[in-house]
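Undergrad: Please find the sequence and the predicted model below.
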Amino acid sequence: MKTLGLSLVALLMAGASWAQDIAREEIRRADVPGSDTMEVVVARLTVPVGERIPLHTHPGDEHAVVMTAAKAEAPNGNIVEFAVGTPLYFPEGEVHGGLTNVGDGPMVAITTHVVRKGEPLTVLAE
């Protein structure tokens, strides 16, 4: 499951420092009820064939669900396959990503970040 998490994390990255072809479409951003410091950010992440998501962290937890069957190459050369509906979880501060889409089509995931307001959503770790 840890390998799946690392792989999907790559799918779930978001940020301006990514390759131009990786698309992160924000669906919703809202305050966490009862908190003045936390917010929830929901987005659709699309990683085209051949694109790599860099290693990164977030200032809070990330949850994701794989929306398309996907195949990715990890930094160690292992190939990881994701079925539609695969859930992923990356706790705050855990470095994840580093995957390259080697499938036949774009990798798509819906991501949900519960993060501190005012901080960058993604912090590069490489």
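TA: Yes, it's here. Given the structure is predicted, the values throughout are model-derived calculations rather than measurements.
Undergrad: low-scoring pLDDT stretches of the chain, where are they?
TA: Residue ranges of the chain with pLDDT under 70: 1-20.
Undergrad: Walking through it, point out its strands one by one.
TA: 23-31, 38-47, 56-57, 60-66, 70-73, 79-82, 87-90, 100-101, 107-116, 123-124 (DSSP state E).
Undergrad: Highest mean neighbour count out of the ones you listed?
TA: strand 56-57 (a mean of 23; mean count of other C-beta atoms under 10 Å). Every C-beta, even on glycine, is put in place using the N, C-alpha and C of the backbone.
Undergrad: how far out from the middle of the chain is it?
TA: Here strand 56-57 is found 9 Å from its chain centre; the criterion is C-alpha atoms, centre = their mean, to the nearest Å.
Undergrad: so what secondary structure elements neighbour that strand?
TA: Applying 3 or more C-beta pairs under 8 Å, 6 or more residues apart in numbering; DSSP states H and E, one finds that strand 56-57 contacts strand 123-124.
Undergrad: Spatially nearest residue to Val32, not counting backbone neighbours?
TA: Met38 (4.0 Å; C-beta to C-beta, 6 or more residues apart in numbering).
Undergrad: pretty sure the one you found is touching Val115, no?
TA: Yes - counting by C-beta atoms under 8 Å, Val115 is a contact partner of Met38 at 6.9 Å.
Undergrad: which residues do those two both contact?
TA: Common neighbours of Met38 and Val115 are listed as Gly60 (criterion: C-beta atoms under 8 Å, 6 or more residues apart in numbering).
Undergrad: Could you check how far the residue nearest to Asp21 when sequence neighbours are not counted is from Asn101?
TA: Nearest residue to Asp21, sequence neighbours excluded (C-beta to C-beta, 6+ apart): Pro48, at 4.8 Å. Computed as C-beta to C-beta, to the nearest Å, the Pro48 to Asn101 distance reads 7 Å.
Undergrad: likewise Val115?
TA: Val115 is 25 Å from Asn101, by C-beta to C-beta.
Undergrad: what's the closest non-adjacent residue to Thr68?
TA: Nearest to Thr68 is Val108, by C-beta to C-beta, 6+ apart, at 4.5 Å.
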